[in-house]
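>>> Below: sequence and its predicted model.
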Amino acid sequence: MSAELLFRLSALNTAYAAAIDSDRLEVWPDFFVEDCLYKVTTAANHADGLAAGVIYADSRGMLMDRIAALRKANIYEPQAYRHLIGMPSILGHDAAGIHCETPFFVARIMRDGATTLFATGRYLDCLRDDGALRFVERIVVCDSSRFDTLLAIPL
Amino acid sequence: MSAELLFRLSALNTAYAAAIDSDRLEVWPDFFVEDCLYKVTTAANHADGLAAGVIYADSRGMLMDRIAALRKANIYEPQAYRHLIGMPSILGHDAAGIHCETPFFVARIMRDGATTLFATGRYLDCLRDDGALRFVERIVVCDSSRFDTLLAIPL
Amino acid sequence: MSAELLFRLSALNTAYAAAIDSDRLEVWPDFFVEDCLYKVTTAANHADGLAAGVIYADSRGMLMDRIAALRKANIYEPQAYRHLIGMPSILGHDAAGIHCETPFFVARIMRDGATTLFATGRYLDCLRDDGALRFVERIVVCDSSRFDTLLAIPL
């Protein structure tokens, strides 16, 4: 485990969160390789081995479609979000890439100013390093099984 | 981007937060250069380009005055605060210094023990590195537009 | 202060949190040396110099007993927890080890999905470095004085 790699992973997560929280959603798919897997699921479903996920996309094109749909549906998004992402645990390397697990908190800020802890969980990631780090796989395992507008924004 | 610099920035933020949360407010101005800018504003005002800010100080002396006033007004401060600051994104360097953006959460703990997520947002910083890193500019952009006692403590 | 050490400390905290939050509680005592001190206390009691603590264990065996008791009492644990741990401030080194202070947030996720900010505070740590870093002492200073089921899980 190198401090340098941990820092690059942490910087990637920081940039990822800033893109979402600053509503620069169109750059979000660029954090993934073309042939990626992005999934949002719950801790309960993940523990039961259910592959489905609440949100499921298996190409960068699907991520782009998702953002386009979101822009059409929510022209005036009334909420804002703020991610706080912990340091990654590097679990190992193999032919697929670098595997790591990273905890996160997401706050939601309503238009009236009310702030709540919206989601907590962990990212289970596999990353490819071609000079830049990109997600081959990002499984977002949410601790809570409640999904209301959680479906709206990327996590 | 060097891992070393990211670490020094992160260590600075950790020390900054610990000073506030441990009520060692008198050392807070020392994190800034003499000729600094400290501003607390909202995401909405910042997006609209409003320069004013809810709190505004353009010298270290003003920061010291602020703490002195706060000590006089709130002799028995009933709340405590806890910052959790994410890793900085280094945005660039120029003649003014190092520019970065850093997300934060602040919890408030009432005297009866109730804990709430008090504020979330991001720091937009410019730092000078003279051996020690100091803030030339720290713009605190709060996600929420609600400010109650938010005015009381430094963020 | 070296970036490398900060990273190792941060990686340790990440692994510590992941063990608790993934309910791998049996590995939790392994983060401590045999002859350790683990204590959970409140900011108010800590400031008053009260040594007692709400939870107190002065050997790794006591930590193991604690987990065994917890497993017996709470066969079906209805809550989940998520730690988010900030970067450590290294305070110094002496014969006892490396001293540092680290802020944390812990969220609690109820079975019905409700998520709340359960505890905030700081770890006051002393660590020994024998190739691997282990806690000689971990004092968990909670900001809030409210302890309900806080007694159940390690913090």
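Alright, I've got the coordinates.
>>> Please determine how far the residue in chain A positioned nearest to chain B is located from B:Ile55.
Residue of chain A nearest chain B, by CB to the nearest CB: A:Gly113 (3.0 Å). C-betas here are computed from N, CA, C, even on glycine. Distance of A:Gly113 to B:Ile55, given as CB to CB, to the nearest Å: 17 Å.
>>> Near chain C, which residues of chain A are found?
A:1, A:3, A:6-7, A:43, A:84, A:86-89, A:101, A:103-105, A:117-122, A:143-146 (CB under 8 Å from any CB of the partner chain).
>>> So A:Ala69: helix, strand or coil?
helix (DSSP: H, G, I helix; E, B strand; the rest coil).
>>> Give me the distance between the two termini of stretch A:21-32.
17 Å (CA to CA, to the nearest Å).
>>> That stretch and chain B in contact?
Yes. Among the residues of stretch A:21-32, A:Asp21 lie within reach of chain B under CB under 8 Å from any CB.
>>> how about that stretch: buried residues?
Residues A:Asp21, A:Leu25, A:Trp28, A:Pro29, A:Phe31, A:Phe32 are the ones in stretch A:21-32 that count as buried (16 or more other CB atoms under 10 Å in any protein chain shown).
>>> Of those, which belong to helices?
A:Asp21 (DSSP state H).
>>> Run the chain-centre distance for the longest strand along chain A.
Scanning chain A for the strand with the most residues, using DSSP state E, yields strand A:115-130. The chain centre lies 5 Å from the centre of strand A:115-130; the measure is CA atoms, centre = their mean, to the nearest Å.
>>> Is that strand in proximity to chain B?
Yes. Strand A:115-130 is in contact with chain B by CB under 8 Å from any CB, via A:Thr115, A:Thr116, A:Leu117.
>>> Report the buried residues of that strand.
For strand A:115-130, by 16+ other CB under 10 Å, it's A:115, A:117-128.
>>> so can I have a markdown table of the residues you listed showing pLDDT?
Shown next, in a markdown table, are the buried residues of strand A:115-130 (pLDDT from 0 to 100):
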| residue | pLDDT |
| --- | --- |
| A:Thr115 | 93 |
| A:Leu117 | 95 |
| A:Phe118 | 92 |
| A:Ala119 | 94 |
| A:Thr120 | 96 |
| A:Gly121 | 97 |
| A:Arg122 | 97 |
| A:Tyr123 | 98 |
| A:Leu124 | 97 |
| A:Asp125 | 98 |
| A:Cys126 | 98 |
| A:Leu127 | 98 |
| A:Arg128 | 98 |
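>>> Tell me the one of these nearest C:Arg134?
Distance to C:Arg134, by CB to CB, is smallest for A:Arg122 among the buried residues of strand A:115-130, at 23.9 Å.
>>> Quick check: bridge partners of the closest one?
On the basis of DSSP bridges, A:Arg122 is bridged to A:Pro103, A:Val141.
>>> list the contacts for it?
A:Glu101, A:Thr102, A:Pro103, A:Phe104, A:Val141, C:Ala18, C:Asp21, C:Arg82 (CB atoms under 8 Å, 6 or more residues apart in numbering or on different chains).
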